[in-house]
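Asker: Based on what follows, work out the 3D shape:
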Amino acid sequence: MATAATAESANGDGSEEASAKTDSGDPKEGPFGLLRKIDDAIFAVEQTIVATFLSAITVMVFLDFVDRRLTAPDSRVGLLLARLFGVTDEGTVHMLEHTVAPILSSVVGLVVLFFGVAATRSPRGEKSKIDGKSVLITLGVAGLITGLGFLMKWKAPGLDEFGFERRMRVFPSKYFYLLLYGLVAVPWSVQLFRKKEDGWVTRIVGLVVAGGLLAAFALSYFPDEYSWSKELSLIMLLWVGFLGASICAHEGKHIRMEAASKVVPEKIEKHISALGFLLAAFFCGIMAWLGYEYSKTTMEYGGVYEQTGVPDWFSTIAIPLAFGLTVIRFVAAAISTWMGGSYGTAEDEDLAAAKAARQGPYNPVIQGDDRHPPMDGLESLKSESESESKSDSESESESESESESESESDDDEDEEDDR
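Answerer: Take a look at the predicted model:
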């Protein structure tokens, strides 16, 4: 009988665990599991595009600045030195700009690069590794940077597209960007192949696909110079902004009016939240329709950007695409809220506190939260504080009695001296 009871209790516990797993299972395994997987895949693509575009914007603007400084006839460092020392003679200023400034900039750059390499080679919290290997790595990186700078500045006489003779770039910007990508992607791929961590094949395939797309886009639209970076950066920034709105809808990070959710009864709270999602979807739907009409107009006119030749619709198509995805996600968030789900919502501390206050006193065992100590722990802390206060009071009384006894002994001594 005991064995049967034990088996029944074990079966009961197993069924409860199974039901708990079913209730709190992965949302990708439910009736909308396929849709959730597709949504997560689109979300991963959006994150990749945003990260890639932000990195590209940083690199392009930086290279544009470097190219302008390399081809500039004057030196900012030389002019700064002339102002600091009050030099006004043209010959001396010319020497500072073309002789002293390059040497000083190179020395300072090597020192900064050396300490950067030494700090990178040392683990966090330890001293920098200042040794011969750091010197060799610094010289190698400095040589690579010097070579890249020479390729950016390398020009030779030639004929432009209009037939006029002028100094042309021997190594145009399109090939320079492909070279930079190769210098980053090839060592990274080799490292992934050696370590063979989880997902290394997918990452290598992603690097190959990204390299192919970059090559096709660069060879088609990148001019020979570097001044086009601002134009292309604005296009990428437009994509980053609108895709960011779609990403926030997926993660539930949009600004919401939560005043109603904090005061309405729990029975209609989910209906209020769902209605808010639907209103947001309606507004985004209007924006998607307007963006579609505008993109269609730009396609009909066939306009292109002046420096890169990128079609106008490449930037405007981001509006209907991103707002369309946002509409779908807001509608999905409304349906999930009605069904008691949490898609498209982020946990808010104020709302959680309001719900806990409505539910009654806090019980960490029931709520399964270990961020606050249990009631037993609070009682033990209280008893410890009381015992500490008692010990402090006892020590204070002992010190007072000792001081009184000392004062009495002093009085006795004084009386004896008087006698």
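Asker: Now do the helices in the stretch 251-400 of the chain.
Answerer: 259-263, 266-301, 313-316, 318-338, 349-359, 364-367, 375-418 (DSSP state H, counting those that start in this stretch).
Asker: ditto for the stretch 51-200 of the chain
Answerer: Taking DSSP H, counting those that start in this stretch as the criterion, the stretch 51-200 of the chain contains helices spanning 76-85, 90-95, 101-121, 132-153, 173-195, 200-221.
Asker: Any idea which of those gets closest to Leu232?
Answerer: With CB to CB as the measure, helix 200-221 is the member of these nearest Leu232 (8.0 Å). (C-beta placed from N, C-alpha, C; glycine too.)
Asker: Identify the residue spatially nearest to Phe323, adjacent ones excluded.
Answerer: Ala288 (3.7 Å; CB to CB, 6 or more residues apart in numbering).
Asker: Quick check: the gap between the one you found and Ile317.
Answerer: 11 Å (CB to CB, to the nearest Å).
Asker: Which strands or helices does the helix or strand where His250 lies pack on?
Answerer: Per DSSP states H and E, His250 falls inside helix 229-251. Counting contacts by 3 or more CB pairs under 8 Å, 6 or more residues apart in numbering; DSSP states H and E, helix 229-251 is packed against helix 33-71, helix 313-316, helix 318-338.
Asker: Give me whichever of those is most buried.
Answerer: Per residue and on average, the most neighbours among the helices and strands packed on helix 229-251 fall to helix 318-338, with a mean of 22 (mean count of other CB atoms under 10 Å).
Asker: Residues contacting that one, please?
Answerer: Helix 318-338 has contacts (CB atoms under 8 Å, 6 or more residues apart in numbering) with 35, 39, 42, 46, 238-239, 242-243, 245-246, 249-250, 252, 270-271, 273-275, 277-278, 280-281, 284-285, 287-292, 294-295, 342-345.
Asker: Report the rounded mean pLDDT for it.
Answerer: Across helix 318-338, the average pLDDT comes to 91.
Asker: same thing with stretch 141-159?
Answerer: Averaging pLDDT along stretch 141-159 yields 88.
Asker: Can you give me the buried ones in that stretch?
Answerer: For stretch 141-159, a neighbour-count test (16 or more other CB atoms under 10 Å) marks Ala142, Leu148, Met152 as buried.
Asker: thinking again about what came up before, alpha carbons of the helix holding His250, as PDB, please.
Answerer: Only the C-alpha atoms of helix 229-251 are listed here, as PDB (Å, rounded to 0.1, in the frame of the first residue of the first chain):
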ATOM      1  CA  SER A 229      30.400  59.100 -47.100                       C
ATOM      2  CA  LYS A 230      28.000  61.700 -45.700                       C
ATOM      3  CA  GLU A 231      25.500  61.100 -48.400                       C
ATOM      4  CA  LEU A 232      25.500  57.300 -47.900                       C
ATOM      5  CA  SER A 233      25.600  57.700 -44.100                       C
ATOM      6  CA  LEU A 234      22.300  59.700 -44.200                       C
ATOM      7  CA  ILE A 235      20.700  56.900 -46.200                       C
ATOM      8  CA  MET A 236      21.900  54.300 -43.700                       C
ATOM      9  CA  LEU A 237      20.800  56.400 -40.800                       C
ATOM     10  CA  LEU A 238      17.300  56.600 -42.200                       C
ATOM     11  CA  TRP A 239      17.200  52.800 -42.300                       C
ATOM     12  CA  VAL A 240      18.600  52.500 -38.800                       C
ATOM     13  CA  GLY A 241      15.900  54.900 -37.400                       C
ATOM     14  CA  PHE A 242      12.900  53.200 -39.000                       C
ATOM     15  CA  LEU A 243      14.100  49.600 -38.400                       C
ATOM     16  CA  GLY A 244      14.800  50.700 -34.800                       C
ATOM     17  CA  ALA A 245      11.100  51.400 -34.400                       C
ATOM     18  CA  SER A 246      10.200  47.900 -35.600                       C
ATOM     19  CA  ILE A 247      12.800  46.400 -33.300                       C
ATOM     20  CA  CYS A 248      11.300  48.300 -30.300                       C
ATOM     21  CA  ALA A 249       7.900  47.000 -31.200                       C
ATOM     22  CA  HIS A 250       9.300  43.400 -31.000                       C
ATOM     23  CA  GLU A 251      11.000  44.000 -27.700                       C
END
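Asker: Could you tell me the angle between it and helix 318-338?
Answerer: Interaxial angle, helix 229-251 versus helix 318-338 (axes from the mean of the first three to the mean of the last three CA atoms, to 10 degrees): 10 degrees.
Asker: Let the chain start at 43 from now.
Answerer: Sure thing, new numbering starts at 43, so read that last one as helix 271-293.
Asker: and helix 271-293, how far out from the chain's middle?
Answerer: How far helix 271-293 lies from its chain's middle: 14 Å, per CA atoms, centre = their mean, to the nearest Å.
Asker: Check what contacts that helix and list those residues.
Answerer: For helix 271-293, the surrounding residues in contact (CB under 8 Å, 6+ apart) are 81, 85, 88-89, 91-92, 95-96, 98-99, 102-103, 105-106, 295-296, 347-350, 352, 356-357, 360-361, 363-365, 367-368, 371-372, 375, 386, 388.
Asker: With stretch 190-201 instead?
Answerer: 105, 108-109, 112-113, 207-213, 218, 221-222, 268.
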